Each structure stands twice: as structure tokens, then as C-alpha cells.
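1. Below: sequence and its predicted model.
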Amino acid sequence: MAATKPKYPAREPRGSVLLAALALPGLLPAVAVAENAPEQAVVAYKQLYYQDSQAGLDRITVHAPSLYGLLPMGEHWSLEGSAVLDAVSGASPRYYSSVSGASHMDDLRVAGDAKLTYYRERSAYSVSLSRSQEHDYISNAAALEARFSSDDNNTTYNFGIGAARDAINPTNDVVEDETKTSLQGIAGVTRALTAHDLVQLQLSYSSGHGYFSDPYKLFDNRPRQRDQGTALLRWNHHLQAVDATLRLSYRYYADSYGIGAHTAGIEWVQALNDVLTLTPSLRYYTQSSADFYFDPPASGPFPNVPEGSYSSLDQRLSAFGALEGGAKLEWRIDSKWSADLKASYYQQRSAWRLLGEGSPGLDPFRYVSVEFGLTRRF
Amino acid sequence: MSPAAGGAEELVARFGLMACQAEIRVAGVDADAAQAGIEAAHSELRRIEAKYSRYQSDSLVSRINAAAGSGVAVTVDEETAGLLDFAASLHQQSEGLFDISSGVLRRAWNFRAAQPPRPEQIAELLPLIGWSRVDWNRSQRRIALPQAGMEIDFGGFGKEYAADRAAAVLVAAGLHHGYVNLGGDIRLLGPRPDGRPWSFGIQHPRQAGATVAGLALGSGALATSGDYERYLEVDGRRYCHILNPRTGWPARCWQSVSVQAPLCLAAGALTTVAMLMEEAGPAFLRRQNVPFLTINERGELRREGL
């Protein structure tokens, strides 16, 4: 029997063009370079200074040093951790600005977290644990996260679940051994629309149960169930001509307390030269008040709050608008060291609420925060 | 957890070279070392440009072409010999479609003109094309073009070779994070300092400034050939600058072909051959075992491994 002719021409040697190119000297360095997981260890130190103010009162001052570390472990793993020490002194935020009598507080908060990440070619998985401890408040949380990239790497999906359990033992013994637990889910998609445009949508939902009231505040009795949902939309656009990036964001928030909030932010990341980057930013926030928030009376006695009914005078649950302006300067000193300085100023006023009236009787609230950071790579 | 890390420590140099925009980006080293490396790479690029430019009358290529038909063979150095070997190999593997002697077609093709050349103009030039007729003596490193009017040029892969060489110089200077981009032909030094890949866009063949796809690369090279950089359009037909040495007429069929390979030289050559092979291009790239991306005449994008 005659040999049958192959239907297709014989397969060329694999990559013969590449082999011919490889025959040329001096094109391929002998150095192999690892991919995937981080390959440099990082240690970063930050020092935060924070001071807030309300008319005529000494407010909270915070000096918070923090430490962050990243340790790559082989090709596929990395371990991150951070620790923060907050030395807080001064008066706690005044719930009720037409009455003086802010209680003095001195507190020390120690918090830390750790995150272990496993990197695969198109995905990464992490598990993280965190703990925060004050003498009257202990919080423990755990989370699982996963990220997946599409085959073209233009789209990334992320999913996460988290759980937190807090133990509350206020010094004034209003309650004892109270707890609060919450479960959170998050899902998001990030997509590169063009080489210069990145858009992101993140949705999250959290359901919490337990003691949400503030034990140090009068007339503070909040529902024991709180469900919160947020939707965050971001767009980053790189402007090649001026070597800058515009970052726009919008966030919608709603919860079962009846608070609805909108946040709009804009940032401009401008490279000044090869080593300096300046990022001015502006953020506007507005929210409606919680269903059970009630306005502090302009004068006279506290209003009658029926026993057992929900109520709060916490101005964080009031209706207001706020503006925050800031700037961040990053300086890449050399390949190992970089430094950054961040300053922001925040002001909150009832009158700045959009889409409705602000809550009356509250003084404007402001804070200044300055943060200095130093990062070393190894 | 909000890491303070991740501040991009990068140095980017941009300059014009080989009639295109060149960009070198390095990261993860101090500015002095990076600057020295970039300068070394820049002078390597200028060296290659001067040596292989057909526009510079004292270049090696100009001397080879000037001697065409004289019977005098020009002795070349080892680097050029390597490139000529590569060209010879590519000519054979592409069944003659990749031919460094096809540059004479430029005498007929003016992409700024309103009309394509007349067929007889092209027919006159075809006898001057043919690598197989070039007298290339590898062992003596001597080359002679047998007929006056013949010419060779390294335009088909000079830029890609230069990108590979510049990258090699940068890596030798201790720079392992970054890339070299010569007019869209990209060769990587390595991923970002934190191990993440760089991301690259593929130019949209019909919309300047837009991209049709993105991909992440940590090593190797990426090259794209297209019908959109130099072309002329008459009666709705586009004549692009990628010319078939057998017919003298432009390649049709693909708006754009992108190839990923360990070397930019290989990636660039493969895109050109695939363009010229027209319908048979993807099968050729599959046999060459490289990831690739094509955009056909209707603008439809297809990715295989890329």
C-alpha cells in the first residue's frame, strides 16, 4: 500500500523564527526575573496628627504612629501586617452642640492586622485577621477575599466576605458585656476601558446585630439591627499630555436607620518631575438624618424621650453636608526610600446639606489632619 | 490596611529615534543608576541607528547598497553577519515573504501620493528583489548584491533588534524592572518592582489614540504590525506599507497583527510575516507557537493566547 500523503504540510519546528533570533548574541540577558508575587519587602512608618475643633472647645488631638510591613514569601505568597497605636486625648465628639459639658477622655487604642495572600496567574486569594483594643472596646474581624482577572487582563472581579465581633464594656457601666456582630459581603468589577481609562464599581452590603448605641451619650438608644449598603463608582483618567491622572468617584450609601448619603470626590495626581508627585483633592459629602435622630433644643430642658423608644442626639446621625480639601506630596528619594506628606481639612455644617434641610442647632465641626509617612524597600 | 508602599519609583526617558517615538521606563532603582543605564541604552540605540540607517550615506548598509552590481563584496562585522543570517533564515521560513531586498519598492510606492503606482512601475522593480540571489558568504562574512539598483535594508527588523539590544544594555546595568518601547515595539526588562506585570494597550487600527485591547506582561516582548501607520487610500481601498516582495503590492486581510515572544526581534518579524501571509498568517503563528492577536479587515479582534 502506498504511503498516504499527509493532509497538511509537516509542522515547522516550534518557534523557528524565535530560534533564529535567539542565535544572535547579546539580546537575551542571562538573568531570570521572577513574576507574580511581590519580590521586595517593604516597611513603612506613618505618623498621624489629628485635631478637631468645635467653637470654643478644646477637642480631640490624636498622635498615631503606625507601622506597615510586607514580606514576600517565595513566588506565590505574601504576608502583610500593620500595627497602629492611637494615643487619644481630649473631649470626645460633642453630641449636642448647644449644651456644654463634654466629658474628658484619655484613651489608648492598639490595633493590628495581618493578611496572607496567595497569588496565581490570573487570581489572588487572601485571608486577613484584625484586632483593635481599647480598655472598653475590643473588636475582632476576619475576612476572605478573592480577585480574578479576565483572560485579557482588562477586567478584574473581586469578591469578599467578612465578619466582625465587637465586645463593649463601657466604664460608666451603662451596659456590661455587650456585643455587636456584623457580616459583610463585597463584590466589584474593575475594567480598563482604554489604555487611559479605568472604571470601577464596588457594591457592598453589611448586616449587623447587637449594641450600636453610644454608651457615653445621653438619650442614645439605637436599633439593635443595622443593615448598610453602599455602591461606589470610580473613574480614573490618565492625561498623557500633562502626565497627570484625574480620579473621580461617587458613592451612595443607605442604611436601615434611614440615613442616605452621597459622596463625590475629585483628585488630580500630578507628576511634578521624576521624583515628586502632588495630589490635591476635594470631597463633598451629604447625608440625611437617621429616623430616630432628634434635634437638640435651642434652649430649655431635654425633650421627653419615651422610655424604650429609639433616639439619638449624635450629630453623626444628623442631616448635614461636609467638605474636605487636602493635598498629598509624594517624594521618591531613591530606589529604597520614599516619603509622603498628607494634609487635609474637613468642615461639616448643617447648612451644607444638599437635597433637603440640614439639622438645626449644630455648630460647625472641623478637623485638621496631617500625616507623614516614610517607606523603605528591601 | 492601607499600605504606604507602592509609590511608583520610576524613571521615564522619551526621545525621538529611528523616525519614531522611543520610551524607556525603569523602576525600582535609584535615580543615578537608572540614569546611567538609560544613557548607555540611548547611545546603544543611536549606534544601531547610525550603523544600519539607509538614510545615512556612510552607514554600513549604504556601503553595501552602493557596491551593488560592482562585483565587489563588502566585508561585514559579526553583528551584521548575525542579522543577515537572521534575515536569511526568516526568508526561508516565510517562503520568501520576508525579504530584506524588497526596499526597492519604495521607488514606486509613495504613500503621500494620491494614486497607487501603475502596475508597470512595479513590474520594473520586481527583478531587483530577491534575497536568494544575494551573494552572502557566511564564513567570510562577505556580502555582494549581484545587480546595480538592488538594495537591502534592515527596516523590517532594525527597530526590534535595537529594542532588544537596549534592553540587554539596561539589564547589564542592573535594571530589572521596566521596558523599552520603540514606536510600539516593546521589549521588557522585567515586571514592576513589586512583581506585578506592566500593562500595555494595543493601538486601535482605525482610531488614533484609542486602544482595542490591553494585556499584562512581566517579561518578553510585544510587537504589532498594522495597515494604519503609512498607507494611501483610493476608492475605498487601502494600500498599506507592508509590501509583498513577490507581487510588489501591499498585504491585505489584516488591519493589525500583534505577537508576543521572548525577543522583540522575533515578535516583530512574526507580525510582518503574518501580515504578508494574509489568510495563512494565523496558522503560521500557531506553528511558531506564539501568542497573538489579530484584527481583520472588518475590524474584528481575535486573540489566541494573548
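-> Now that the structure is in, tell me what you want to look at.
2. Tell me which stretches of the stretch 101-250 of chain B form strands.
-> B:135-137, B:142-144, B:178-182, B:185-190, B:198-203, B:211-217, B:221-226, B:231-234, B:237-240 (DSSP state E, counting those that start in this stretch).
3. in the lowest-mean-pLDDT helix or strand in chain B, what counts as buried?
-> Taking mean pLDDT, DSSP states H and E as the measure, chain B has strand B:231-234 as its least confident helix or strand, at a mean of 80. In terms of neighbour count (16 or more other CB atoms under 10 Å in any protein chain shown), strand B:231-234 has its buried residues at residue B:232. Heads up, the C-betas are built off the backbone N, CA and C, glycines and all.
4. now for that strand, which elements pack on it?
-> strand B:237-240 (3 or more CB pairs under 8 Å, 6 or more residues apart in numbering or on different chains; DSSP states H and E).
5. partner strands of the strand it packs on, parallel or antiparallel?
-> Here strand B:237-240 is paired, per DSSP bridges, with strand B:231-234 (antiparallel).
6. Other residues contacting the partner strand?
-> B:110-116, B:238-241, B:250 (CB atoms under 8 Å, 6 or more residues apart in numbering or on different chains).
7. Filter those down to the buried ones.
-> Among those, those classed as buried by 16+ other CB under 10 Å are B:116, B:239-241, B:250.
8. ok, of these, which one's closest to residue A:236?
-> In terms of CB to CB, no member of the buried ones among the contacts of strand B:231-234 lies closer to residue A:236 than residue B:240, at 34.4 Å.
9. The closest one and residue B:247: what is the separation?
-> 14 Å (CB to CB, to the nearest Å).
10. between the two, what contacts are shared?
-> Common neighbours of residue B:240 and residue B:247 (CB under 8 Å, 6+ apart) do not exist.
11. still on that earlier bit, C-alpha coordinates for the least confident helix or strand of chain B, CSV please?
-> Taking Å, rounded to 0.1, in the frame of the first residue of the first chain, the C-alpha atoms of strand B:231-234 are listed here in CSV:
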residue,chain,number,x,y,z
TYR,B,231,-0.9,53.9,3.8
LEU,B,232,-2.8,55.6,1.0
GLU,B,233,-6.5,55.1,0.3
VAL,B,234,-8.0,55.3,-3.1
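12. where's residue A:114 relative to chain B, distance?
-> Residue A:114 sits at a distance of 9 Å from chain B (criterion: CB to the nearest CB, to the nearest Å).
13. can you list the residues of the stretch 101-250 of chain A near chain B?
-> By the rule CB under 8 Å from any CB of the partner chain, the part of the stretch 101-250 of chain A lying against chain B is A:113, A:115, A:128, A:130, A:149, A:151-154, A:192, A:194-195.
14. of all the buried ones among the contacts of strand B:231-234, which two lie farthest apart?
-> Farthest apart among those by CB to CB are B:116 and B:241. That separation is 12.0 Å.
15. Need the distance between the two termini of stretch B:193-210.
-> Distance across stretch B:193-210, first residue to last, is 28 Å (CA to CA, to the nearest Å).
16. quick one: contacts for residue B:265?
-> Residue B:265 sits in contact with A:21, A:24, A:27, B:86, B:157, B:160-161, B:164, where contact means CB under 8 Å, 6+ apart.
17. Closest one of the residues of the stretch 101-250 of chain A next to chain B to chain B?
-> Within those, proximity to chain B (CB to the nearest CB) peaks at residue A:195, which comes in at 3.3 Å.
18. How confident is the prediction for that closest one, by pLDDT?
-> Predicted confidence (pLDDT) for residue A:195: 69.
19. Next: the one 5 residues further on.
-> For residue A:200, the model assigns a pLDDT of 89.
20. where does it fall, helix, sheet strand or coil?
-> Secondary structure, DSSP: H, G, I helix; E, B strand; the rest coil: residue A:200 is strand.
21. Angles on the backbone of residue A:212, please.
-> phi -100, psi -10 (degrees, to the nearest 10).
22. Contact partners for residue A:213?
-> Taking CB under 8 Å, 6+ apart, we find residue A:213 in contact with A:220-222, A:312.
23. Equivalent analysis for residue B:208, please.
-> For residue B:208, the contact set (CB under 8 Å, 6+ apart) is empty.
24. Tell me the backbone dihedrals of it, please.
-> Dihedral angles (degrees, to the nearest 10) for residue B:208: phi -60, psi 140.
25. Need the pLDDT of it.
-> pLDDT for residue B:208: 75.
26. Can you give me the distance of it to residue A:82?
-> 45 Å.
27. for residue B:303, same thing?
-> 39 Å.
28. Could you check which of these two is surrounded by more residues?
-> Neighbours per residue, other CB atoms under 10 Å in any protein chain shown: of residue B:303 and residue A:82, the larger number sits with residue A:82, 21 against 15.
29. State the mean pLDDT of whatever helix or strand that one lives in.
-> Taking DSSP states H and E as the criterion, the element that holds residue A:82 is strand A:77-91. In this model, strand A:77-91 has a mean pLDDT of 69.
30. next one: stretch A:41-52
-> For stretch A:41-52, mean pLDDT is 76.
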